[in-house]
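*Asks:* Coordinates for the following, if possible.
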Amino acid sequence: MTSLTPETHVVAEIRGRVGCITLNRPKALNALSLDMLRSLTQTLQAWRDDDAVLAVVVRGVNKEGPFGAFCAGGDIRFFHQAALARDAALEDFFTEEYALNHLIHTYPKPYIALMDGIVMGGGMGISQGASLRIVTERSKLAMPETNIGLFPDVGGGYFLSRCAGRLGEYLALTGLVLTGREAITAGLADGFIDAGRLPGLWASLERTPFENGASVERWCTSHLSTTAAPAPWPAKEVDRIFGLPDVPTIIAALEATDSDWARQTATTLRQRSPLMLHVVLDQIRRARGMGLADDLRMERDMVHRCFHLRPGAASETVEGIRALAVDKDHAPRWNPARIEDVTPAEVAAFFESPWPVDEHPLRRLG
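*Replies:* You can find the predicted model right below:
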């Protein structure tokens, strides 16, 4: 058995007939580095073709030990440093991350994600494609990228746009954090287990004589509750307002609605990057008509534009990360500063691919 050491940020071991992956970067809430993406990809590719492995299960550790934190996303401090230094590794990161997301969504064996604790951004990218998405009472799921001048990438356009009604637009624009049972309600998780039962389930994977991958998935499913929570959002109001044609109309409708939910939602949106709110609304609506590979190619174009339309410190994303995670002043200087000042041309630029089709970094995706 492999021991968990601080240097090994992805621990991969075969227990019985199950490939078990542990994200082991607890001080960073298992935020994904480029090396971690590469380790995950190499492991999944090897196990895909290994008849000894029937299924794959992935978990995270926290500072106290196994479970408690899944993955807080990509390493945004690295994004900030690499963007300012014009480091080519930033481009490699997103190309390889999105290719890994596609691998997980299309994996031919059961891939089971134990989404205990924080599951945000890149953590959603390595769990939403799972054949079984398991949450606990400690789960906190979100795509909060508009808070750092980014957009819900890692296939976020694909999986959020497939939520019921206009819930995808609402979650993408606000970055609302969902509990485990709320995630089941939203269609972003499949089953619930008490966190205290996870160690027992994990241990049972090694000693249970599974016949095939489907039996591994059935075994895990047998431990789950599928009871959803009442939606904490007013579904009819979400559909009415987030189905409106553009962000200024959405914010005007929220500010004209006399409810605590509308006021709170409007306040949240006024704090987000005005430019990226417009971009994200367009992203979700475009993605609704796309397959996974085309969505990931679009998002790869978009993330290149996030760092290159305005290079270095002028980037909306670099500024957002500075305010949240570097200087921590929580006072981003968004440009434009107001939702009403964003132009259609500024938004359209994010969707223009910088590559010819046959040179796109994700051209080989299915």
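*Asks:* so which strand or helix has residue 184?
*Replies:* Secondary structure here is read from DSSP states H and E; on that basis residue 184 sits in helix 180-186.
*Asks:* What's the first helix or strand after that helix?
*Replies:* Tracing the chain past helix 180-186, the next element assigned as helix or strand by DSSP H and E is strand 191-192.
*Asks:* ok now that following strand, how far from the chain's centre?
*Replies:* 19 Å (C-alpha atoms, centre = their mean, to the nearest Å).
*Asks:* so where do the strands sit in the protein?
*Replies:* Secondary structure of the chain (DSSP state E): strands at 10-15, 18-23, 55-62, 65-66, 111-115, 118-120, 132-135, 140-142, 178-179, 191-192.
*Asks:* hey, which of these is tucked in deepest?
*Replies:* The highest mean neighbour count among these belongs to strand 111-115 (a mean of 29), with neighbours defined as mean count of other C-beta atoms under 10 Å. For the C-beta atoms, the positions are set from N, CA and C on the backbone; glycine is no exception.
*Asks:* List the contacts of residue 301.
*Replies:* Residue 301 makes contact with 350-355, according to C-beta atoms under 8 Å, 6 or more residues apart in numbering.
*Asks:* name the helices or strands packed onto the least confident helix or strand in the chain by mean pLDDT?
*Replies:* One helix or strand of the chain scores below all others by mean pLDDT, DSSP states H and E: strand 65-66, with a mean of 90. With contacts defined as 3 or more C-beta pairs under 8 Å, 6 or more residues apart in numbering; DSSP states H and E, the secondary structure elements packing on strand 65-66 are helix 198-207.
*Asks:* Would you mark the buried spots in the helix it packs on?
*Replies:* With burial defined by 16 or more other C-beta atoms under 10 Å, the residues of helix 198-207 counted as buried are 198, 201-202, 205.
*Asks:* Not counting that helix itself, show me its contacts.
*Replies:* In this structure, residues lying in contact with helix 198-207 by C-beta under 8 Å, 6+ apart are 15-16, 18, 20, 57, 59, 66-67, 114, 116, 136, 193, 216, 219-220, 223.
*Asks:* and it with strand 10-15, angle?
*Replies:* Here helix 198-207 runs at 50 degrees with respect to strand 10-15, directions being taken by axes from the mean of the first three to the mean of the last three C-alpha atoms, to 10 degrees.
*Asks:* going forward can the numbers begin at 45, since that is how I track them
*Replies:* Sure thing, new numbering starts at 45, so read that last one as helix 242-251.
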